[in-house]
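>>> Quick one, structure for this:
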Amino acid sequence: MVKKLIGLVLLVGLSLGVFVLPAQAALNTNRTLEVEGTPLSLDKIYDLVVDVVNFLLSIGLVIGIAYIAYGAILWITSQGGKAVDEAKGTIKAALIGIAIILGFGIIVNTIDTIIFTQEL
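As a prediction, this is how the structure comes out:
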């Protein structure tokens, strides 16, 4: 039963990642990729790096939320004692991971704002 429930949670999490992230990328229509005869500029490299960082932040948050759901399932299915402590530890680790990811995102966006756009 637990394996089926974990499989279902992972399936839902992966489905969100498969459908939400491409939709988010589709909404970002202001960037074009010119292939033929286009010189590589620092602006294009900068845009690529920003896109990759935002993508990795999104993936990290999806994984963190899935890990919280996994910890919740462990907690619900535990029958007390050591299993509850392990489930709490899993949820705590996921929350710490999400906090680190969000902190990294704030730092990267602040550096981006201060250095590259020079607006705060």
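
>>> and residue 53, how far is that from residue 36?
To residue 36, residue 53 is 27 Å away according to CB to CB, to the nearest Å. In this view, the C-beta of every residue, glycine as well, is placed from N, C-alpha and C.

>>> Neighbour count for these two, which is higher?
More crowded of residue 53 and residue 36, by other CB atoms under 10 Å: residue 53, with 15 against 4.

>>> Which residues lie in contact with the more buried one in this structure?
By CB atoms under 8 Å, 6 or more residues apart in numbering, the contact list for residue 53 reads residue 108.

>>> before we move on, which element is it in?
Element membership for residue 53 (DSSP states H and E) is helix 42-77.

>>> Now that helix: buried residues?
Residues 54, 57-58, 60, 62-64, 66-71, 73-75 are the ones in helix 42-77 that count as buried (16 or more other CB atoms under 10 Å).

>>> Next, residue 41: phi, psi?
Main-chain torsions, residue 41, degrees, to the nearest 10: phi -120, psi 170.
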